[in-house]
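>>> Need coordinates for the following:
(chains A, B, C and D)
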Number of protein chains: 2
Amino acid sequence: MKRIADSTVRRLSAYLRFLEDFESRGLTTISSQELAKRGGTTSAQVRKDLSFFGSFGKRGLGYSVPELAGRLREILGLEREWKIIIVGAGKIGAALAHYRGFRQRGFSIVAAYDNNPEKIGRTLEGIPVRNIDQLERDMQRERPDIAVLSVPAEEAQSMVNRVVKVGIKAILNFAPTQLQAPADVTVKTVNMAMELEGLSFALTNRE
Amino acid sequence: MKRIADSTVRRLSAYLRFLEDFESRGLTTISSQELAKRGGTTSAQVRKDLSFFGSFGKRGLGYSVPELAGRLREILGLEREWKIIIVGAGKIGAALAHYRGFRQRGFSIVAAYDNNPEKIGRTLEGIPVRNIDQLERDMQRERPDIAVLSVPAEEAQSMVNRVVKVGIKAILNFAPTQLQAPADVTVKTVNMAMELEGLSFALTNRE
DNA sequence: TTTAACTTGTGAATGAATTCACAAGCTTCT
DNA sequence: AGAAGCTTGTGAATTCATTCACAAGTTAAA
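So this is what the prediction gives:
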């Protein structure tokens, strides 16, 4: 299969959200034009994005909302449930555990891990906080798909090494640091400091 | 000035972090090669990124660590203090207020706003939580530079409208929704659901 | 049935970002 | 002083992403 750009995938994700919104309002068809307007892009872009995966529309009419939504869920792999573990039960970990959006989209948080005895044994929104020492043993048994890292920067790389060793292929990293991982492991980093610096740059070099 | 790509700015931000690390370890010069290795890119990319802003290195030698760090801080606008307000004092807002990295980099959180009477009047890590009704009045007086939005998706657009009206030019949005803003306002969105869907896509369409 | 008004899907054209490749400069060693 | 060994800065080449533009398909109205 042809390699799909990251930016394309992000847009597909956005299209799906709009479609779900349209669906809930009872609309049955939508044009690339309308989809583009909602997503801040162009209709040609929408059609090109979709064309990588097939042709889902009807000329002169547009796209069937439920059908296209289904296709996008399929493409994005949202038809199955993905098991997530949260590594690091600090403030960010807790905020993530609390976030309703995950479950709604088929992401199920199975456990959180920490090394702080104060936290171990408690729960976050019903999610058990376990001792980080159990990580490998639990993973072997529960086979989570995605590890969310919300540990301090200093510990992030060693946690990557640990979860990769036990077979994780996808990591969402909130630690403000660059991580090394094998090529078959996908790492996405959310770095708030970097975003703020982007804003600082924009404010400084305006026009 | 030539328009600088977003991806370039993100890398500059990463380079600065590495330089600070090198600086703290007492190293005085660094080559584009080493910088590239740390950042997961190529030396040509590093040199091209820097070349948009001038030539800071010495052929045969590399870059002076403190000098380049200083130049990058200048370019990124990190030599002054930026005032931030947090709109929405829920779990994410609280996690952000707690995050030490902001202050270290010259971002100073002046206040958080919420509409929940339970929260108003309390503090988050020393940051006062104020009534959202005061937003405009306070902004006129305190002139914050950046608004961080951590409100539910439904309320996000109306909050954008409010802060933009009072002169905000930079917004960091954590609500999972597409926002409309005037062209001279920079909006960066951090969307965790979208990142997870990117991982889901990668896991589903591997190789 | 014909026409007008839409809309898709997609090659081709354009534009943007990255990588190549090398002249030119600096340092160190002999 | 000359040679060897690095390293930068940057046009040119390449690769990647977006936009254009239009044939072809669909609907609805006359």
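>>> Could you show which parts of chain A are in contact with DNA strand C?
For chain A, the residues in contact with DNA strand C (Cβ under 7 Å from any atom of the strand) are A:31-33, A:43-44, A:47-48, A:50-51, A:55-63. The way it works is simple: take the backbone N, C-alpha and C, and place the C-beta from them, glycine included.
>>> for chain A, what spans make up the strands?
Along chain A, counting by DSSP state E, strands occupy A:29-30, A:57-58, A:62-64, A:82-87, A:107-114, A:123-124, A:127-131, A:146-149, A:170-173, A:186-189.
>>> for the fourth one, what is the average pLDDT?
Strand A:82-87 shows an average pLDDT of 98 in the prediction.
>>> Let's see it as CSV, backbone CA atoms only.
C-alpha atoms of strand A:82-87 as CSV (Å, rounded to 0.1, in the frame of the first residue of the first chain):
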residue,chain,number,x,y,z
TRP,A,82,-7.7,-0.8,21.4
LYS,A,83,-6.3,-1.5,24.9
ILE,A,84,-4.4,1.3,26.4
ILE,A,85,-2.1,1.5,29.4
ILE,A,86,-1.1,4.8,31.0
VAL,A,87,2.4,4.9,32.3
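>>> So what are the sheet partners of it and their directions?
strand A:107-114 (parallel), strand A:146-149 (parallel) (DSSP bridges).
>>> from the chain's centre, how far out does it sit?
For strand A:82-87, the distance from its own C-alpha centre to the chain's C-alpha centre is 11 Å (Cα atoms, centre = their mean, to the nearest Å).
>>> Could you tell me the angle between it and strand A:127-131?
Put simply, strand A:82-87 runs at 50 degrees to strand A:127-131, going by axes from the mean of the first three to the mean of the last three Cα atoms, to 10 degrees.
>>> Identify the residues contacting strand A:82-87?
With Cβ atoms under 8 Å, 6 or more residues apart in numbering or on different chains as the test, strand A:82-87 has contacts from A:93, A:96-97, A:102, A:106-113, A:127, A:132, A:135, A:138-139, A:142-151, A:159, A:163, B:196, B:199-200, B:203.
>>> what does the last one give?
Here strand A:186-189 makes contact (Cβ under 8 Å, 6+ apart) with A:160, A:169-175, A:178-179, A:181, B:195, B:198-199, B:202-203.
>>> quick one: which of those sit in helices?
Those of the contacts of strand A:186-189 mapping onto helices are A:160, B:195, B:198, B:199, B:202, B:203, per DSSP state H.
>>> Show me which of the residues of chain A next to DNA strand C are buried.
A:31, A:32, A:47, A:50, A:57, A:62, A:63 (16 or more other Cβ atoms under 10 Å in any protein chain shown).
>>> nearest spatial neighbour of the residue nearest the centre of chain A, skipping sequence neighbours?
Closest to where the C-alpha atoms of chain A average out (Cα atoms, centre = their mean) is residue A:172, at 7.3 Å. Nearest residue to residue A:172 in three dimensions, chain neighbours excluded: residue A:148, at 4.7 Å (Cβ to Cβ, 6 or more residues apart in numbering or on different chains).
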